[in-house]
Every structure is written in structure tokens, then in C-alpha cells.
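Undergrad: can you look at this prediction? I've put the sequence above it.
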Amino acid sequence: LSGKNRYMLFDTKHHEAIVGHHERIARIEKALENEEFVLYYQPKVNMRTGRIMGLEALVRWQHPERGLLRPAEFLTVIQNHPLSTALDAWVLGEALMQTHRWQADGGHALCVSINLSAMTLQQGQFFDILKSRLAQWPAGAGELLEIEILESSALDDIGSVIGLIRQCRELGVRFALDDFGVGYSSLTYLKRLPANTLKIDQSFVRDMLSDADDMAILRGILSLAQVFDREVIAEGVETIAHGECLLDLGCDAAQGYGIARPMPAARVIPWIESWVAPAPWLNREKR
Ligand code: C2E
Ligand code: MG
Ligand code: MG
Ligand code: MG
């Protein structure tokens, strides 16, 4: 190929990539209009008492041709696009509707947590979106809502994120730092961010039984949580043995496939009614 043709080839590919990206964004916008998104819910439990603490809402795309898609297949496409805030607003509205429905149908006051994209956290419109969505429900709806944010997405403009968290907390909304321990954790940020809960990233939990370093990190996060007076929950609890070990370390709250996989809203109440924590967890003696 001559130099000129090479550039043309490159330009064509580049152009196709851009067009493809725009098409994917347009398709996601259409999916939002067509109500193709659904929320799945994954329980959070206290392993020692067996109590249900709440549920995390996790978005799925029920694609008419491709089936049920997980966030990894579409969130990165819109991560720097205003659509991610539109999707977060939809998730918020849907989660509030669902908490209301569970309360109205069976008297189940279940706390639901939603995940916020970095874009939404930094855009400055979220508090207004939250207020308007909460206004559609009886007072106190905010007390059944928790918001999970990534530490990394709070860092760009930490001052305004701190302000936003404070405003939301006045409405009863709780905050959790998701995937805690990976990324940019520093003690200074932890001290400044007024989040109620630290969610220990699943990467530390996965290998905790065989990896002494991960075990040390878990101990570190747990003592940090105690010093800063934060609650702590372990993600990615896949086996009874993981849970036993976490209980021995003093971490009672957990979420993971070993408890339940994310499930459609209709399966939540039947799951709650039939769930019993594994015997080795229940009333396990504190070490
Ligand atoms: P995340 O908030 O850290 O959610 C935990 C992810 O781990 C979920 O994947 C969940 O299905 C999965 N998981 C739970 N328990 C286990 C386990 O025991 N083992 C393993 N290997 N995985 C487990 P999912 O649903 O694919 O979501 C991935 C990420 O996408 C989430 O990570 C969150 O950052 C983002 N996300 C999900 N839903 C939303 C949403 O509605 N809005 C926004 N902005 N982000 C979302
Ligand atoms: Mg999360
Ligand atoms: Mg996480
Ligand atoms: Mg994650």
C-alpha cells in the first residue's frame, strides 16, 4: 500500500468505528424509550442473624434479539454520554416504584440500593432528579433508598460530591462506597466522604481463603471501617466457607452468589420467605 492509501484505509476504519459508536448509543436511547431495561435485585443479608438487610438493583437490558444483557455490554458505550444520567434516572424511578409496591403488597419495607454512574455524580442535576422522583411517593421514601458510588467517580470534584451526599442524606438516603479497596482509596478521601457503608470489592473476597495478602487487606478494611465508624459489607460471597471466614473476621453483612444471584422483582418475596442462612453462619460465635 502506498502511504496515501494506508491513510485512507485508516480513515475508513476510524469513520466506521465512530458511526458504529453512534449507532450503539442511538440503539440504547431507543431501548430506554421502548422500556427494554429491567432491574434485577440481589439480596444483602446479615449472615449471623439471617436477616435480610436490603437489595441491590442491577440493571439488565432485555434485548429483543440478543436476550438478557448485563451492564458490561452496554454501560461502557454510554459512560461519557448524557444517556447514562437518563438511565440512572430511570433506575431510580423504577427502584422507588418497586420499594413502594413491596410495601403496599405485603408490608415488606425493603431498602433498595442503586448504582450511580460517574457522569451522573458529577453533573450537578442529580439532586433535582432525586427530589422530583421522591416527591411522587409518600414521605419517607428516601429512607428505603441507598446509593452506591465508586470512590474513583467521586474524586474528580470531591467537594461537590461531598455536598451532594450531604444533601441526599438529609432526605434519609444512605450512601455506600462500592468496590471499596480497589482504585484510588486513600484515607483522606475516606475521611472526607460521608458514606455510611463500605462495600468490600469482590476481588479480595474471591481468593481470601488461599491468599494471605487478600486476607490482610480484608482485616485492614474492617479495622478502617471501625475507626471511621462505617458499616461494611462483603461482595462476592460465593461459598459457605467464604461466609464463615468473614464472620470470624467480624464482617456479618454479605452479598453474593452463595446467598442469591440477582433475580427479577417477582422472585424476591418468595426468595425472602424461603431463605434460611446456612447453619454454620447462624449464631456463629464471635471470635
Ligand atoms: P457492582 O455494583 O459492584 O455490582 C456487583 C456485580 O457483581 C453485579 O454484576 C453482580 O451481578 C455481580 N455479583 C454479585 N455477586 C457475585 C458473586 O458472588 N460472584 C461474582 N463473580 N459476581 C457477583 P452486574 O450486575 O453485571 O453489574 C456490574 C456493574 O455494573 C456493577 O458492579 C455496577 O458498577 C454496574 N451497574 C449495574 N447496574 C447498574 C445501574 O443500574 N446503573 C449504573 N450506573 N451502574 C450499574
Ligand atoms: Mg453496586
Ligand atoms: Mg461492587
Ligand atoms: Mg463493580
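TA: On my side now, so go ahead. Bear in mind that the values here come from a model prediction, so they are computed numbers and not experimental data. Ligands and ions are numbered 1, 2, ... in the order given.
Undergrad: remind me which residues of the stretch 1-150 of the chain are low pLDDT?
TA: When residues are selected by pLDDT under 70, those of the stretch 1-150 of the chain lie in 1-10.
Undergrad: before we move on, what about the stretch 151-287 of the chain?
TA: 184-185, 287.
Undergrad: tell me which stretches of it form helices.
TA: Remark: helices assigned in the stretch 151-287 of the chain by DSSP state H, counting those that start in this stretch are 151-154, 158-170, 187-192, 202-206, 212-227, 240-249, 268-274.
Undergrad: export those to JSON lines and tack on distance to residue 34 and mean neighbour count?
TA: From N, CA and C alone the C-beta is placed, and that goes for glycine too. Compiled in JSON lines, these are given as follows (distance: least, CB to CB, whole Å; neighbours: other CB atoms under 10 Å):
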{"stretch": "helix 151-154", "distance to residue 34": "28", "mean neighbour count": "20"}
{"stretch": "helix 158-170", "distance to residue 34": "30", "mean neighbour count": "16"}
{"stretch": "helix 187-192", "distance to residue 34": "39", "mean neighbour count": "13"}
{"stretch": "helix 202-206", "distance to residue 34": "32", "mean neighbour count": "19"}
{"stretch": "helix 212-227", "distance to residue 34": "41", "mean neighbour count": "15"}
{"stretch": "helix 240-249", "distance to residue 34": "39", "mean neighbour count": "19"}
{"stretch": "helix 268-274", "distance to residue 34": "24", "mean neighbour count": "14"}
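Undergrad: identify whichever of these lies nearest to residue 112.
TA: Nearest to residue 112 among the helices of the stretch 151-287 of the chain is helix 268-274 (9.9 Å), distances taken as CB to CB.
Undergrad: by contact count, what packs against the closest one?
TA: Here helix 268-274 touches strand 37-46, helix 83-106, going by 3 or more CB pairs under 8 Å, 6 or more residues apart in numbering; DSSP states H and E.
Undergrad: just name the most buried of these.
TA: Sort the helices and strands packed on helix 268-274 by mean neighbour count, taking mean count of other CB atoms under 10 Å, and strand 37-46 sits at the top with a mean of 20.
Undergrad: how about it against ligand 2, any contact?
TA: No. Contact of strand 37-46 with ligand 2 is not found when judged by CB under 5 Å from the ion; the minimum separation is 9.0 Å.
Undergrad: would CSV of the helices and strands packed on helix 268-274 with distance to ligand 1 be doable?
TA: Compiled in CSV, the helices and strands packed on helix 268-274 are given as follows (distance: least, CB to the nearest ligand atom, whole Å):
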stretch, distance to ligand 1
strand 37-46, 6
helix 83-106, 4
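Undergrad: all good on my end, thank you.
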